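**Q** Give the three-dimensional model of this entry:
(one chain, ligands or ions: 1)
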Amino acid sequence: MTAMIIDGKAHAAALRARVADGVAGFVAAAGRKPGLAVVLVGEDPASAVYVRTKTRMTAEAGMAGFEHRLPADTTSDDLLALVDRLNADDTVDGILVQLPLPAHIDERRVLTRIDPDKDVDGFHPVNVGRLATGLHGFVPCTPLGCLMLLRATLGELSGLEAVVVGRSNIVGKPMAQLLLQQSCTVTVAHSRTRDVAAHVRRADIVVAAVGIPHFIKGDWIKPGASVIDVGINRIAKEDGGAGLVGDVDFAGAAAVAGAITPVPGGVGPMTIACLMRNTLVAACRRVCAAEPEL
Ligand SMILES: Nc1nc(=O)c2c([nH]1)NC[C@@H]1CN(c3ccc(C(=O)N[C@@H](CCC(=O)O)C(=O)O)cc3)C=[N+]21
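**A** Sure, this is the predicted structure:
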């Protein structure tokens, strides 16, 4: 193995420590804590684990967490009414509605109901438009975390060839926007791309966000490239237990890449740290129109 392992857990802990410092300053100036409301509809066990982690890290950063757990048969109208109350609540700076929502709820309607200035997930079309046009808004936490890891690993990204594999609204599209903003030459590959391997072979930066275990093979990676693996796939292990693997064949890619994120311990922890960051930024903007350095 030749690649440097990008320690997402360590980068996330450092970011959360910077956020905690900023939170202390905010509390001293504003006389209250930044507040994050997390809404979970239904009983999906994986979602429940993420929400618990988010709530714990919110408290560790010195922020106020408001957890709203609603039953799986909650109506769209009830959920929209809760979003309206959170929008109007001055102690709530950030609102996150955990996805996926149950099938009977219109996800788009719920996400567009969130006040864009409290939309710490960055999923509201207003924030998508802000990102695309270079205005201050909220950037989705997972691609923001990926960008921070790339900047920490490579420094300046200008002129680099970047390939994003996956075109979701949550990761692929905003990731491409962020890399374009950094003056990378950006290619977005997806399920209809004719020769994904050929595109990946040209890339100095590979961001894998397809949701297919080990989709990206080691021999696709250009020697020395930086590989960011967004995939979190739960698979059955030979011993009968469950394991987490990424979208990249880690062992194969690590033999040729310059740097690579592991799964777990790569992008995942950065996602939550960026949520803390976005919540502090939301609080600062709402109270004093200030932008903290994070
Ligand atoms: N509105 C909304 N916003 C989200 O940001 C959001 C969401 N819905 N729905 C679910 C996904 C998933 N997600 C993760 C966050 C952290 C880890 C994470 O920290 N993972 C650990 C491992 C965790 C484990 O062992 O299961 C790691 O990769 O090291 C994973 C997944 C945020 N999501």
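**Q** So stretch 130-143, near the ligand or not?
**A** Yes: residues of stretch 130-143 contacting the ligand under C-beta under 6 Å from any ligand atom: residue 141. (C-beta placed from N, C-alpha, C; glycine too.)
**Q** do stretch 19-36 as well
**A** No: in terms of C-beta under 6 Å from any ligand atom, no part of stretch 19-36 sits within range of the ligand; the closest distance is 11.6 Å.
**Q** Which residues belonging to that stretch are considered buried?
**A** Under the neighbour-count criterion of 16 or more other C-beta atoms under 10 Å, stretch 19-36 has 19, 22-23, 26, 33-36 buried.
**Q** Go through those residues and say which is closest to residue 159.
**A** Among those, residue 19 lies closest to residue 159 (C-beta to C-beta), at 31.1 Å.
**Q** which residues sit in contact with the closest residue to the closest one other than its chain neighbours?
**A** Ranked by C-beta to C-beta, 6 or more residues apart in numbering and with sequence neighbours excluded, the top spatial neighbour of residue 19 is residue 276, at 4.7 Å. Under the criterion of C-beta atoms under 8 Å, 6 or more residues apart in numbering, the neighbours of residue 276 are 15-16, 19, 36, 57-58, 61, 63.
**Q** Could you turn the buried ones of those into a PyMOL selection?
**A** For the buried members of the contacts of residue 276, the matching PyMOL selection, counting by 16+ other C-beta under 10 Å, is:
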select buried, resi 15+16+19+36+57+58+61+63
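**Q** about what we covered before: just say helix, strand or coil for the residue nearest to residue 19.
**A** Taken by DSSP: H, G, I helix; E, B strand; the rest coil, the conformation at residue 276 corresponds to helix.
**Q** Turn the contacts of residue 276 into TSV, columns for secondary structure and pLDDT.
**A** Below are these laid out as TSV (DSSP: H, G, I helix; E, B strand; the rest coil; pLDDT from 0 to 100):
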residue	secondary structure	pLDDT
15	helix	98
16	helix	98
19	helix	98
36	strand	98
57	helix	96
58	helix	98
61	coil	98
63	coil	98
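**Q** from the contacts of residue 276, which two are the most distant?
**A** Looking at the contacts of residue 276 by C-beta to C-beta, the two members farthest from one another are 15 and 36, with 15.5 Å of separation.
**Q** ranges for the strands of the stretch 1-150 of the chain?
**A** For the stretch 1-150 of the chain, the strands defined by DSSP state E, counting those that start in this stretch cover 4-5, 35-41, 64-70, 94-97.
**Q** wouldn't residue 230 be in contact with residue 212 here?
**A** No: between residue 230 and residue 212 there is no contact under C-beta atoms under 8 Å: 11.6 Å.
**Q** Can you pull the residues that touch both of those two?
**A** Taking C-beta under 8 Å, 6+ apart as the contact definition, residue 230 and residue 212 share the neighbouring residues residue 247.
**Q** These two: who's more crowded?
**A** Neighbour comparison, residue 230 and residue 212: the larger count goes to residue 230, with 30 against 13 (by other C-beta atoms under 10 Å).
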